[in-house]
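Asker: Sequence and predicted structure are below.
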Amino acid sequence: MNDPFHQLDTTLSQVWQRLARGTKDRRASTRHPTLATLSETGPQARTVVLRGVDIPAKTIEIHTDRRSDKVAELTKTPQATLHVWDAKASLQMRLRCTATLKHADTEKWAQIPETAQRVYGGTPAPGHEISQPKAHDPQPNPNDFTIIYLQITQIETLHLGSDLHRRARFTAPDWQGHWIAP
Ligand SMILES: Cc1cc2nc3c(=O)[nH]c(=O)nc-3n(C[C@H](O)[C@H](O)[C@H](O)COP(=O)(O)O)c2cc1C
């Protein structure tokens with residue numbers, strides 16, 4: 001059987017390969033995962049760009065504005081889930097993570113193109129009411145640039161095969177997989 005989703009070890013390799021592709025290929029299905037956090041009023045979820053994947057370290061990198069709600073939420077409750085629907089592979093991935101935040105990394109900031117720097121900084125801060133869309137003044141500011149590092153602690157996959165739905169769970173530190181009922 002050549003389908004990688006028929007075995008646990010190759011299912012897990014597919015996850016890492018596909019996540020890695022999302023950091024390089026703007027058109028990859030894994031490019032834009034959903035980051036879920038816990039806010040004071042309940043769960044929150046938003047689309048983000050996958051900026052980096054470190055396979056040996058099992059970490060994911062996301063960039064954001066330090067003043068955004070997600071940073072406040074992760075500061076209070078560092079547990080997060082990253083959700084990815086890879087339509088090309090018919091694969092759902094749910095990654096349980098613990099977040100650490102790195103603010104004002106000037107070395108990393110210098111590597112970001114100027115057009116992309118414009119989304120970090122600006123007045124007023126993200127989430128504040130404005131009179132009209134043009135009333136936001138973008139001022140790139142390295143002090144408002146935050147890197148979210150997500151340490152992955154568990155990966156759950158659901159593959160929609162033509163014959164069967166295959167659901168599996170892989171947990172740190174040994175990442176041994178188990179099939180679970182879909
Ligand atoms: C395709 C797409 C990619 C996005 N990528 C990011 C991102 O990498 N980082 C980010 O902070 N916001 C990103 N956003 C905006 C967020 O989805 C969200 O609207 C914003 O960060 C405010 O979220 P918060 O108030 O929950 O912190 C993206 C939105 C879209 C539609």
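Answerer: That came in fine, so what should we check first? Numbering: from 1, shown residues only.
Asker: Below-threshold pLDDT in the protein: ranges please.
Answerer: Along the chain, the model assigns pLDDT under 70 to residues 1.
Asker: All the strands of it, residue numbers only.
Answerer: All strands of the chain, identified by DSSP state E, fall at 34-39, 42-47, 52-54, 59-65, 79-86, 91-103, 121-123, 137-140, 145-160, 165-171, 177-180.
Asker: tell me which parts of this protein are close to the ligand?
Answerer: Counting by C-beta under 6 Å from any ligand atom, the chain comes close to the ligand at 32, 44, 46-49, 62-64, 68-70, 126-127. From N, CA and C alone the C-beta is placed, and that goes for glycine too.
Asker: 8 Å - rerun?
Answerer: 32, 37, 44, 46-49, 51, 62-65, 68-71, 73, 119, 126-127 (C-beta under 8 Å from any ligand atom).
Asker: Quick check: the gap between G22 and G127.
Answerer: 26 Å (C-beta to C-beta, to the nearest Å).
Asker: swap in P33?
Answerer: P33 sits 21 Å away from G127, going by C-beta to C-beta.
Asker: rewinding a little: of G22 and G127, who's got more company?
Answerer: G22 (24 against 10; other C-beta atoms under 10 Å).
Asker: Could you give the number of residues near the closest residue to that one other than its chain neighbours?
Answerer: Closest residue to G22 apart from its sequence neighbours, by C-beta to C-beta, 6 or more residues apart in numbering: T30 at 3.2 Å. Residues within reach of T30, counting by other C-beta under 10 Å, total 24.
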